[in-house]
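Enquirer: what follows is a predicted structure for the sequence shown.
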Amino acid sequence: QVQLVESGGGLVQAGGSLRLSCAASGNFFSINTLGWYRQAPGKQRDLVADISRGGSPKYADSVKGRFTISRDNVKNALYLQMNSLKPEDTAVYYCYGRVQVGLCLGDYWGQGTQVTVSS
């Protein structure tokens with residue numbers, strides 16, 4: 001019913017930048033919170049940043065001042081601008097959305113995009 005598709009991952013040197021995008025499609029009434037999570041090998045999936053429908057962002061301490069989350073409610077899109085990347089940012093990044101389908105709120109995930117930061 002709801003698909004979230006990420007793009008924009010890749011390999012970058014430390015100090016570089018990447019911009020992730022996530023496009024939402026399907027039959028839904030509205031999208032509430034959108035966010036980015038990441039999971040490094042052998043570690044749990046952690047919140048990187050999320051943003052409310054009204055545009056209020058929240059960031060993990062480890063990315064504050066380096067990453068910027070934004071959304072386009074008309075295009076049903078989510079973005080993550082990542083600057084000053086560090087090797088410890090290497091992970092699979094997942095797009096997350098809390099989506100209203102009919103009268104029900106559900107949690108949806110993208111398939112993930114790999115971000116690799118070389119030292």
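Expert: Perfect, thanks for sending it. Because the structure is a prediction, the values reported are computed rather than measured.
Enquirer: give me phi/psi at the residue most central in space within the chain?
Expert: The structure's the chain has its C-alpha centroid closest to residue 36; by CA atoms, centre = their mean the separation is 2.6 Å. With angles defined as degrees, to the nearest 10, residue 36 sits at phi -120, psi 130.
Enquirer: in contact with the closest residue in space to it that isn't next to it in sequence, which residues?
Expert: Setting aside the residues directly before and after it, residue 36 is nearest to residue 48 in space (CB to CB, 6 or more residues apart in numbering), at 4.3 Å. In this view, the C-beta of every residue, glycine as well, is placed from N, C-alpha and C. For residue 48, the contacting residues are 35, 36, 37, 38, 59, 60, 63, 67, 80, 93, by CB atoms under 8 Å, 6 or more residues apart in numbering.
Enquirer: ok, now which ones touch the last one?
Expert: What it means is residue 93. Residue 93 touches 6, 9, 20, 36, 37, 38, 48, 80, 112, 113, 114, 115, counting by CB under 8 Å, 6+ apart.
Enquirer: got the phi and psi for the residue of the chain most remote from its centre?
Expert: Relative to the mean C-alpha coordinate of the chain, counting by CA atoms, centre = their mean, the farthest residue is residue 103 (24.9 Å). The main-chain torsion angles of residue 103 are listed as degrees, to the nearest 10 and equal phi -100, psi 0.
Enquirer: the chain: strands as residue ranges?
Expert: Taking DSSP state E, the strands of the chain run over residues 2-7, 10-13, 18-26, 30-39, 46-51, 57-59, 67-72, 77-82, 91-101, 104-109, 113-118.
Enquirer: any chance of the ones you listed in TSV, plus mean pLDDT?
Expert: Formatted as TSV, those follow (pLDDT from 0 to 100):
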stretch	mean pLDDT
strand 2-7	96
strand 10-13	98
strand 18-26	97
strand 30-39	97
strand 46-51	98
strand 57-59	98
strand 67-72	98
strand 77-82	98
strand 91-101	97
strand 104-109	96
strand 113-118	98
